[in-house]
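*Asks:* Predicted structure and sequence below. I'll ask about it afterward.
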Amino acid sequence: MSSVPASAFLALALILFCIGLYGALTKRNTVIVLISIELMLNAVNINLVTFSKYGMTPSITGQIFALFAICVAAAEASVGLAILIALYRTKKTVNIDEMNTMKN
């Protein structure tokens with residue numbers, strides 16, 4: 001059974017993180033920004049699991065941290081979507097540029 005090198009996992013995580021960063025910085029749709037942030041968190045989870053398996057002292061701690069990050073990301077997504085739905089009901093848009101209710 002052939003093993004995949006750690007550099008392949010790190011390259012995948014780098015690509016996912018860059019795509020997420022591009023989406024978070026350039027898009028104006030709030031849903032797309034939330035998805036981009038989730039993509040960046042998944043890239044971090046891939047790094048945690050990779051270093052947990054291929055690190056100097058392989059252990060399960062990176063996988064435990066990744067599981068914790070997945071739980072936090074799920075809570076963040078649900079709260080973010082709840083806030084987004086509440087803002088959409090008042091503003092009738094999901095455009096970030098028009099979300100200025102805290103200024104009033």
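*Replies:* Great, that's in hand. Residues are numbered from 1 along each chain as shown.

*Asks:* This structure: helices as residue ranges?
*Replies:* 6-26, 30-54, 61-91 (DSSP state H).

*Asks:* Check the average confidence over the second one, would you?
*Replies:* Within the predicted structure, the mean pLDDT of helix 30-54 is 92.

*Asks:* what do you get for stretch 92-99?
*Replies:* The average pLDDT for stretch 92-99 rounds to 78.

*Asks:* Now do the buried residues in it.
*Replies:* Neighbour-count burial for stretch 92-99, counted by 16 or more other CB atoms under 10 Å, picks out 94, 99. Every C-beta, even on glycine, is put in place using the N, C-alpha and C of the backbone.

*Asks:* Tell me the span between the first and last residue of that stretch.
*Replies:* 10 Å (CA to CA, to the nearest Å).

*Asks:* chain center to it, what's the gap?
*Replies:* Relative to its chain's centre, stretch 92-99 lies at 21 Å (CA atoms, centre = their mean, to the nearest Å).

*Asks:* Then stretch 9-22?
*Replies:* Remark: stretch 9-22 is offset 10 Å from the chain centroid, using CA atoms, centre = their mean.

*Asks:* what about the residue nearest to the spatial centre of the chain, distance to Val72?
*Replies:* The C-alpha lying nearest the average C-alpha coordinate of the chain belongs to Glu38 (CA atoms, centre = their mean; 2.3 Å). Taking CB to CB, to the nearest Å as the measure, Glu38 falls 11 Å from Val72.

*Asks:* follow-up on the earlier one: so which of the helices of the chain is the most surrounded?
*Replies:* With neighbours taken as mean count of other CB atoms under 10 Å, those reach their highest mean count in helix 30-54, at a mean of 18.

*Asks:* Would you mind getting the angle between that helix and helix 61-91?
*Replies:* For helix 30-54 against helix 61-91, the angle by axes from the mean of the first three to the mean of the last three CA atoms, to 10 degrees is 180 degrees.
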